[in-house]
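Engineer: Sequence plus predicted model, see below.
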Amino acid sequence: MSLNFWEGEKVTLRAVEPEDWEVFYEWDKDTETARRGYFIPFPQSKAAAQKMAAEMALVRPENDVFRFMILNKQGEVVGTLNTHSVERRDGTFSYGVAVRREFWGRGYASEAVHIVLRYFFAELRYQKCNVGIDDYNTESIRLHERLGFQLEGRLRRMRFTDGTYHDGLQYGMTAEEFWESLNGKA
């Protein structure tokens, strides 16, 4: 095991740095990937991207909410993972993960999710992770089912995009299910 908790075989997780603005700026131009993440944003200027990255770089984790940058072994930013909807009292949290199109299918998202789940379950004592996925995001559905998340529900007509309403799918994984999914590898 690495000496750095945030480092896996394929990826390293780190905080946002001001120079990440270029990645965010270019990534925003891929509107289909943006749609899979949530929605297609208005175009932003380079100055706005620089300001956003500079501000995000100064954000400290608050209530276990944090944005991680996902880097591959070559040091390239391949994506982001942000924790949210954290409920310490109940021991639940959620996250969103996005990988830049040119890095899809290489296992980066899987490993980044594993690192964050291991941290939240083993270090912060959370007991369940919930993930919401729009029904048209088949790549994310496959990823989470491969990771061992269970489909827990369907919320009808929750997202409007590309001229159509789509259902929201709710997936969940308990800490026990996570450890079982690793088959003693952790």
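Structural biologist: Good, I have the coordinates.

Engineer: quick one: terminal-to-terminal distance for stretch 140-156?
Structural biologist: 18 Å (Cα to Cα, to the nearest Å).

Engineer: Please apply the same query to stretch 96-111.
Structural biologist: End to end - Cα to Cα - stretch 96-111 spans 14 Å.

Engineer: Can you list the buried residues in that stretch?
Structural biologist: For stretch 96-111, a neighbour-count test (16 or more other Cβ atoms under 10 Å) marks 96-100, 103, 107-111 as buried. Placement of C-beta: from N, CA and C, glycine included.

Engineer: And the contacts of it?
Structural biologist: The contact list for stretch 96-111 (Cβ atoms under 8 Å, 6 or more residues apart in numbering) reads 8-11, 23, 27, 30, 32-33, 36-38, 70, 72, 76-82, 84, 112-113, 139-140, 143, 146-147.

Engineer: which helices and strands does the helix or strand bottoming out on mean pLDDT in the chain pack with?
Structural biologist: The weakest-scoring helix or strand in the chain, judged by mean pLDDT, DSSP states H and E, is helix 31-37 (a mean of 89). Using 3 or more Cβ pairs under 8 Å, 6 or more residues apart in numbering; DSSP states H and E, the elements in contact with helix 31-37 are strand 92-99.

Engineer: what bits of the protein have low per-residue confidence?
Structural biologist: Across the chain, residues meeting the criterion (pLDDT under 70) sit at 1-2, 184-186.

Engineer: where do the helices sit along it?
Structural biologist: Taking DSSP state H as the criterion, the chain carries its helices at 21-27, 31-37, 46-57, 108-118, 138-147, 175-181.

Engineer: quick revisit: out of the contacts of stretch 96-111, which end up buried?
Structural biologist: Buried among the contacts of stretch 96-111 by 16+ other Cβ under 10 Å: 8, 10-11, 23, 27, 33, 36-37, 70, 72, 77-82, 112-113, 140, 143, 147.

Engineer: do you know how far residue 52 is from residue 27?
Structural biologist: From residue 52 across to residue 27, the span is 12 Å (Cβ to Cβ, to the nearest Å).

Engineer: What is the burial count for the closest residue to residue 17 other than its chain neighbours?
Structural biologist: Spatial nearest neighbour of residue 17, chain neighbours left out: residue 57 (5.5 Å); criterion: Cβ to Cβ, 6 or more residues apart in numbering. Number of residues near residue 57 (other Cβ atoms under 10 Å) recorded here: 16.
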